[in-house]
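Engineer: sequence? don't have it. structure:
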């Protein structure tokens, strides 16, 4: 049995991954636990797709090409919350030695998101576009349970939200080599062992 308090304290967003494959048994254990997360009317609205090897590489290439052609924008935050993003940016870019006014280096650093920080496996969690706020809460609880289960097993993660591929009508849609259909919204997370 894992210590939940300790696991919560140890969880962090990994931004440099080892190339070791994720052991299937540990992934299966974490997925089984995450499936116990609550959801609205027990709909469990969280299709999950994994990409590793060639599929992962093709997904990275598609997202990276799109990001280079049309630099992505962040999801908006209300003005009263902007300082959180600025503080995190100062911390992350500062740790990389990138000054706030160095826009070229900052843009190059953003591209590492689309290289999955070197993670050997990418997990993509989806939610049907017709689902609502309550269902999004369920997806969030599922993802948090999964991330904590992986952390407890020594597998690092980094949860990202993708602006690309959100729907067939989204201007920054890319063709996903993972077979994800148009009616699903995406978030992705990354792993290493």
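Structural biologist: Everything's here; your move. Because the structure is predicted, anything quoted here is derived from the model rather than measured.

Engineer: buried residues in stretch 8-25?
Structural biologist: Burial within stretch 8-25, assessed by neighbour count using 16 or more other Cβ atoms under 10 Å, is assigned to 11, 14-15, 17, 22. In short, each C-beta sits where N, CA and C put it, glycine included.

Engineer: how about the residues you listed, which pair is most distant?
Structural biologist: 15 and 22 (17.1 Å; Cβ to Cβ).

Engineer: Tell me which entries of the buried residues of stretch 8-25 lie within strands.
Structural biologist: If you go by DSSP state E, those have nothing in strands.

Engineer: tell me which of those residues is nearest to residue 39?
Structural biologist: Nearest to residue 39 among the buried residues of stretch 8-25, with distances taken as Cβ to Cβ, is residue 11, at 21.5 Å.

Engineer: Looks like the closest one contacts residue 145 (just checking).
Structural biologist: No: the criterion here is Cβ atoms under 8 Å, and residue 11 misses it with residue 145 at 11.6 Å.

Engineer: Quick one: end-to-end length of stretch 8-18, please.
Structural biologist: 21 Å (Cα to Cα, to the nearest Å).

Engineer: tell me the mean pLDDT over it?
Structural biologist: The predicted model assigns stretch 8-18 a mean pLDDT of 89.

Engineer: now swap in stretch 92-99 and tell me
Structural biologist: 91.

Engineer: Could you pull out the buried residues of that stretch?
Structural biologist: Result for stretch 92-99 [16+ other Cβ under 10 Å]: buried residues 93, 98.

Engineer: which outside residues touch it?
Structural biologist: 15, 100, 105-106, 109 (Cβ atoms under 8 Å, 6 or more residues apart in numbering).

Engineer: What about those residues, which are in helices?
Structural biologist: 105-106, 109 (DSSP state H).

Engineer: now these: which count as buried?
Structural biologist: 106, 109.

Engineer: okay if I get the ones in helices among the contacts of stretch 92-99 as TSV plus distance to residue 139 and pLDDT?
Structural biologist: Below are those laid out as TSV (distance: Cβ to Cβ, whole Å; pLDDT from 0 to 100):
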residue	distance to residue 139	pLDDT
105	34	92
106	30	89
109	28	87
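
Engineer: quick check, nearest of the ones in helices among the contacts of stretch 92-99 to residue 43?
Structural biologist: residue 109 (37.9 Å).

Engineer: Farthest-apart pair in the contacts of stretch 92-99, please.
Structural biologist: Spatial extent of the contacts of stretch 92-99 (Cβ to Cβ) is set by the pair 15 and 100 at 18.5 Å.

Engineer: Thank you, goodbye.
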